[in-house]
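>>> missing the sequence, but the structure's below:
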Ligand code: CA
């Protein structure tokens, strides 16, 4: 069973399996989700059961669904390497205004689809950040900084976000866009594999202190081993929230099994949202169901084997 709101506000149903909550017409309603959530079996969740219909009451996108592409865009703005997005953002967004940077990234992504978190999931992540008010956040898999900007722009004053991005070209763009958004003081972007940078992340979070929120959006098969490394390093403690993207599509079944509420380690909710990367150039591509998982660490559990 899941908790989406601050301690004490949400009902806790023990022994319930993972919950899927539909994202509301307004993401401001997230704190109410436990009442609207639909308890389903983990297997049903993994299979994308009828309880996990994606697309109902989607959050309002930053770029309208009736968006019409400007044919001249491609002549003016190319995208052959990650840094190509920077001139567009600087020309169309306002320095120091994270929302305008996100909108510009969304618009650019309409022309050049990319693996960024996307507006719908970004808004969900932002609501979770506003709800939990994490002092120390961690993100593994930063890409061009889109989700980091969503997170950092909603952190409480003085809070920090430590990111790890494997690809140096992506990390360089993310740093520049975070700086342009006015968030450089709270965000540090480390390069390398998540598994390799755990000790550095731990140093930044602080000795004897767990992270308040961890967001996973890197290689899906890395979620579980990297989470275990972070647990071992003391980055996960009671109340730590672990949010993971793409747990349904492409999917992270071993991770979902590990954080399943029935295991006793975490209380987990799935927040449904469409897969963020429409690969419309693929023959027969159809929008995919997906979800963010939201897990609150509650103890070591018994392994649940
Ligand atoms: Ca993702």
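Looks like it came in fine. Because the structure is predicted, anything quoted here is derived from the model rather than measured.

>>> when you work out contacts or count neighbours from here on, use the C-alpha atoms and nothing else.
Will do.

>>> how long is stretch 128-144 end to end?
Using C-alpha to C-alpha, to the nearest Å, the end-to-end distance of stretch 128-144 comes to 21 Å.

>>> all helices of the stretch 101-250 of the chain, in order?
Per DSSP state H, counting those that start in this stretch, the stretch 101-250 of the chain carries helices over the ranges 119-132, 146-152, 168-180, 194-205, 223-232.

>>> want to throw those helices into CSV with mean pLDDT and mean neighbour count?
Listed next are those as CSV, based on pLDDT from 0 to 100; neighbours: other C-alpha atoms under 10 Å:
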stretch, mean pLDDT, mean neighbour count
helix 119-132, 94, 22
helix 146-152, 97, 27
helix 168-180, 98, 21
helix 194-205, 97, 19
helix 223-232, 98, 18
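
>>> got the ones you listed as JSON lines, with distance to residue 291 columns?
Output for the helices of the stretch 101-250 of the chain, formatted as JSON lines (distance: least, C-alpha to C-alpha, whole Å):
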{"stretch": "helix 119-132", "distance to residue 291": "9"}
{"stretch": "helix 146-152", "distance to residue 291": "15"}
{"stretch": "helix 168-180", "distance to residue 291": "24"}
{"stretch": "helix 194-205", "distance to residue 291": "22"}
{"stretch": "helix 223-232", "distance to residue 291": "15"}
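
>>> wait, doesn't residue 216 sit right on residue 245?
Yes - contact criterion C-alpha atoms under 8 Å: residue 216 and residue 245 qualify, at 6.3 Å.

>>> quick one on the thing from earlier: nearest approach to residue 91 belongs to which of the helices of the stretch 101-250 of the chain?
helix 168-180 (11.4 Å; C-alpha to C-alpha).

>>> quick one: closest of the helices of the stretch 101-250 of the chain to residue 86.
Taking C-alpha to C-alpha, helix 168-180 is the member of these nearest to residue 86, at 7.2 Å.

>>> hmm, who's touching that closest one?
The contact list for helix 168-180 (C-alpha atoms under 8 Å, 6 or more residues apart in numbering) reads 82-83, 86, 89-90, 95-96, 101, 142-146, 148-149, 165, 184, 187-192.

>>> any of these buried? List them.
83, 86, 89, 95, 101, 142-146, 148-149, 165, 184, 187-192 (16 or more other C-alpha atoms under 10 Å).

>>> okay, now residue 287: neighbour count?
Neighbourhood size, residue 287 [other C-alpha atoms under 10 Å]: 15.

>>> any idea whether it is helix, strand or coil?
Recorded secondary structure, residue 287: coil (DSSP: H, G, I helix; E, B strand; the rest coil).

>>> that one touches residue 249, doesn't it?
No - Residue 287 is beyond contact range of residue 249, at 10.4 Å (criterion: C-alpha under 8 Å).

>>> what is in contact with the two at once?
Shared contacts of residue 287 and residue 249 (C-alpha under 8 Å, 6+ apart): residue 275.

>>> could you check how far the closest residue to residue 130 other than its chain neighbours is from residue 128?
Spatial nearest neighbour of residue 130, chain neighbours left out: residue 154 (5.9 Å); criterion: C-alpha to C-alpha, 6 or more residues apart in numbering. Noted for residue 154: a distance of 9 Å to residue 128, by C-alpha to C-alpha.

>>> what distance do you get for residue 153 to residue 160?
Distance from residue 153 to residue 160, by C-alpha to C-alpha: 11 Å.

>>> and the residue nearest to residue 130, how far from residue 262?
Look at residue 154 and residue 262: by C-alpha to C-alpha, they are 31 Å apart.

>>> might you report the residue contacts of residue 129?
Counting by C-alpha under 8 Å, 6+ apart, residue 129 touches 151, 154-155.

>>> and of those residues, the nearest to residue 228?
Proximity of those to residue 228 (C-alpha to C-alpha) peaks at residue 151, which lies at 22.9 Å.

>>> I figured the closest one hits residue 127, correct?
No - using C-alpha under 8 Å, residue 151 makes no contact with residue 127, being 9.1 Å away.

>>> if we can go back for a sec, in strands, which of the buried ones among the contacts of helix 168-180 appear?
Among those, the members found in strands (DSSP state E) are 165, 187-191.
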